[in-house]
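Asker: From the sequence below, what's the structure:
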Amino acid sequence: MVLIVMLIHLNSQDDLEDAVHALVKQDPRLKPIFAITGMPALRRREPGFVGLAHIVCGQQLSTASASAIWARLTAAFDPFDAEALRRARADRLGRLGLSAAKIKTLKGIARELAAERLNIDVLANEDADAAHNTLTSLHGIGPWTADVYLLFCLGHGDAWPAGDLAVQEAIRIGLKLRKRPSAQEMAPLAEPWRPLRGAAAHLWWSYYRAIKKREGVIAETPKANAVSNNVAVAKEPPAEAKIAARKVPGSKK
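Answerer: Okay, the predicted model is just below:
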């Protein structure tokens with residue numbers, strides 16, 4: 001027997017609200033979480049190559065630095081698209097503030113799009129895990145960047161940022177776990193929330209901010225995975241092999 005799972009898209013605040021209400025009904029453990037957070041606000045970023053490039057450009061940078069580089073980059077090309085980036089000289093991109101690694105990543109994505117070996121827009125209509133694997137097969141795109149793109153740029157309702165430190169810490173506290181779960185441990189924890197894991201991520205991000213505010217701690221998401229005003233900004237460590245130096249409040253790692 002073939003199990004068909006309906007794909008959910010979070011394209012509007014109403015979509016998110018319907019999904020969160022369904023989650024709370026689906027998993028009673030989320031009821032007290034929702035009571036603390038209230039309804040999360042949906043935030044979306046631009047889709048397509050522009051959205052993915054924006055996330056890549058912000059990796060490992062402060063919000064201010066990432067914004068400045070992005071402003072220079074988009075001002076230098078009219079229009080700013082994959083073809084313009086593919087044709088641009090690497091030294092010109094470097095002068096705009098992009099590192100050699102990011103130039104390699106963006107040019108690689110642009111080449112894949114030009115050769116029609118990649119269509120990142122259709123990933124919203126694929127299984128979340130399959131779409132995740134497609135993105136992480138690209139040079140320089142790690143799991144967290146892939147999931148953030150799927151969730152915030154494409155509105156994929158089942159995208160699950162398992163490597164996000166704030167979501168991990170929120171789950172540790174909210175589900176009363178002994179320790180913060182690893183990215184590998186986050187996968188089975190999220191199984192009860194399929195096919196709405198993306199909405200669950202919104203809820204856990206809101207919970208993280210709420211509990212840190214209640215504790216008198218500025219609700220700043222850990223450096224490796226920043227979410228500002230519900231808008232994800234990728235700041236992954238190289239190859240995503242290391243946790244960022246700034247620790248999660250209350251974490252032993």
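
Asker: May I have stretch 181-194 as CSV, with CA atoms only?
Answerer: The C-alpha trace of stretch 181-194 is given here as CSV (Å, rounded to 0.1, in the frame of the first residue of the first chain):
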residue,chain,number,x,y,z
PRO,A,181,18.9,17.1,21.4
SER,A,182,21.3,16.8,18.5
ALA,A,183,20.3,17.3,14.9
GLN,A,184,20.1,13.6,14.5
GLU,A,185,17.9,13.3,17.6
MET,A,186,15.6,16.0,16.4
ALA,A,187,14.4,13.9,13.4
PRO,A,188,12.5,11.3,15.5
LEU,A,189,11.3,14.0,17.9
ALA,A,190,9.6,15.7,15.1
GLU,A,191,7.9,12.7,13.6
PRO,A,192,4.6,13.3,15.4
TRP,A,193,4.4,16.7,13.7
ARG,A,194,4.5,15.6,10.1
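
Asker: Averaged pLDDT, it. What do you get?
Answerer: The average pLDDT for stretch 181-194 rounds to 97.

Asker: Any idea which residue is closest to the centre of this structure?
Answerer: What sits nearest the mean C-alpha location of the chain, by C-alpha atoms, centre = their mean, is residue 148, with 1.8 Å.

Asker: separation between that one and residue 142?
Answerer: 10 Å (C-beta to C-beta, to the nearest Å). The C-beta positions use only the backbone N, C-alpha and C, and glycine is treated the same way.

Asker: And for residue 107?
Answerer: 17 Å.

Asker: what's the answer for residue 153, then?
Answerer: According to C-beta to C-beta, residue 153 stands 16 Å off from residue 142.

Asker: just to revisit the earlier point, what's the helix or strand for the residue nearest to the centre of the chain?
Answerer: If you go by DSSP states H and E, residue 148 is part of helix 143-148.

Asker: Please apply the same query to residue 159.
Answerer: According to DSSP H and E, residue 159 maps onto no helix or strand at all.

Asker: Same question for residue 130.
Answerer: Per DSSP H and E: helix 128-136 holds residue 130.

Asker: average model confidence for that helix?
Answerer: 96.

Asker: residues of that helix that come out buried?
Answerer: Of all the residues in helix 128-136, those buried under the rule 16 or more other C-beta atoms under 10 Å are 128, 131, 132, 134, 135, 136.

Asker: How about residues contacting that helix?
Answerer: 118, 120, 123-124, 126, 141-143, 145-147, 149-150, 156, 158-160, 195, 197-198 (C-beta atoms under 8 Å, 6 or more residues apart in numbering).

Asker: separation between residue 154 and residue 143?
Answerer: Separation of residue 154 from residue 143 (C-beta to C-beta): 16 Å.

Asker: Neighbour count for those two, which is higher?
Answerer: Neighbours were counted for residue 154 and for residue 143 using other C-beta atoms under 10 Å; residue 154 has more, 27 against 19.

Asker: Looks like the more buried one contacts residue 126 (just checking).
Answerer: No - in this structure residue 154 lies outside contact range of residue 126 using C-beta atoms under 8 Å: 9.8 Å.

Asker: so what's in contact with these two at the same time?
Answerer: Residues touching both residue 154 and residue 126 by C-beta under 8 Å, 6+ apart: none at all.

Asker: quick check: mean pLDDT across the helix holding residue 148?
Answerer: Per-residue scores along helix 143-148 average to 94.
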